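Trainee: Make a model of this:
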Amino acid sequence: MKKILLFFLLFFTVICSKVSAKTLVVYYSYTNKCHEIVQTLTSHIEAYVLRIYPADKTQQYEANNYAVGSQLLSTIQADPNNANSYPEIDPVSTSLSDYDTFIIVTPLWWSQMAAILQTYLFHHGQEMAGKRVGLIVSSHSSGISGVVADARRLVPNANWMGNALWINNASHGNRETLIQNWLSEIDYFGVVTGISDVKTSEPSVIYSIGGLRLTKAPSSGIYIENGIKKIATKQ
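Mentor: Next comes the predicted model:
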């Protein structure tokens, strides 16, 4: 009897330790498209959010046929290992050591990661080494391979969670479905919460994605019922 009790104690200790894992969503948004993506994403996961802002709020990166934004990227490309190549951003005090999982949400500029977010990752990407990292890229129509390359350069030795999610201008209105599918494809809830593999013979055992036992299924959002991830949507 003592062995059985010890087994269940250890089992639930492991589960609780996985549930306590924290996710940080890091993003930059200029046209507000990435901000909308983050709002949709965080309606389906429990996460802290860090928005990166440029130090110079007066810049219009699209001015003169995107000459300003293009010049910032050219400066980075010319000397990517030099901190002076990157545009200044507002100071950030968030400690990345407090988090186990990161989701980076960035716009695409001229087939590259937006210069402002490159600055943040240049200074803090090393702190994500060995941790789970996902990538969501917003663009008008261009492919995202250059942004993926930038992310892997700036966040070396990360444990990348599957392929990056690409949300272009045509699919932005369908972002909720795309995000839900992507979270499922990378097994976000199984990896981060550890709940997806919990099996039980008891009917209608329901948990929030944070691991809290619920008395009934929520009217909206993602939850786990009898070990199966489900999505409830308001009718």
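Trainee: Give me the neighbour count for Ile45.
Mentor: Burial measure for Ile45: 20 neighbouring residues, criterion other CB atoms under 10 Å. C-beta here means a position set from N, CA and C on the backbone, and glycine is covered the same way.
Trainee: Any idea which residue is closest to the centre of this protein?
Mentor: Ile103 (1.7 Å; CA atoms, centre = their mean).
Trainee: okay, now Pro218: neighbour count?
Mentor: Pro218 has 14 nearby residues by other CB under 10 Å.
Trainee: ignore the last one, Leu117
Mentor: 25.
Trainee: Could you look up the SS state of Val92?
Mentor: coil (DSSP: H, G, I helix; E, B strand; the rest coil).
Trainee: how close does Pro156 get to Glu127?
Mentor: To Glu127, Pro156 is 11 Å away according to CB to CB, to the nearest Å.
Trainee: Compare these two (neighbour count), which wins?
Mentor: Glu127 (15 against 10).
Trainee: State whether that one is indeed within a helix.
Mentor: Yes. Per three-state DSSP, Glu127 lies within a helix segment.
Trainee: Bridged to the residue nearest to the centre of the chain, which residues?
Mentor: Val25, Gly134 (DSSP bridges).
Trainee: which residues touch it?
Mentor: Thr23, Leu24, Val25, Val26, Leu41, Ala47, Val133, Gly134, Leu135, Ile136 (CB atoms under 8 Å, 6 or more residues apart in numbering).
Trainee: Next up, the contacts around the third one.
Mentor: So the one you mean is Val25. Val38, Leu41, Thr42, Ala47, Tyr48, Val49, Leu50, Phe102, Ile103, Val105.
Trainee: thinking again about what came up before, which pLDDT value belongs to the residue nearest to the centre of the chain?
Mentor: Looking at Ile103, its pLDDT reads 98.
Trainee: can you tell me how far it sits from Glu62?
Mentor: From Ile103 over to Glu62 (counting by CB to CB), the distance is 26 Å.
Trainee: Do a quick rundown of the helices in this protein.
Mentor: 2-19, 33-41, 63-78, 115-124, 145-154, 175-185, 188-192 (DSSP state H).
Trainee: can you list the residues that contact the fifth one?
Mentor: Defining contact as CB under 8 Å, 6+ apart, one finds that helix 145-154 is touched by 80, 104, 106, 108, 111-113, 118, 121-122, 125, 135, 137, 139, 158, 160, 164.
Trainee: Now that we have the residues you listed, which of them are buried?
Mentor: The neighbour-count test (16 or more other CB atoms under 10 Å) marks 104, 106, 108, 112-113, 118, 121-122, 125, 135, 137, 139, 158, 164 as buried among the contacts of helix 145-154.
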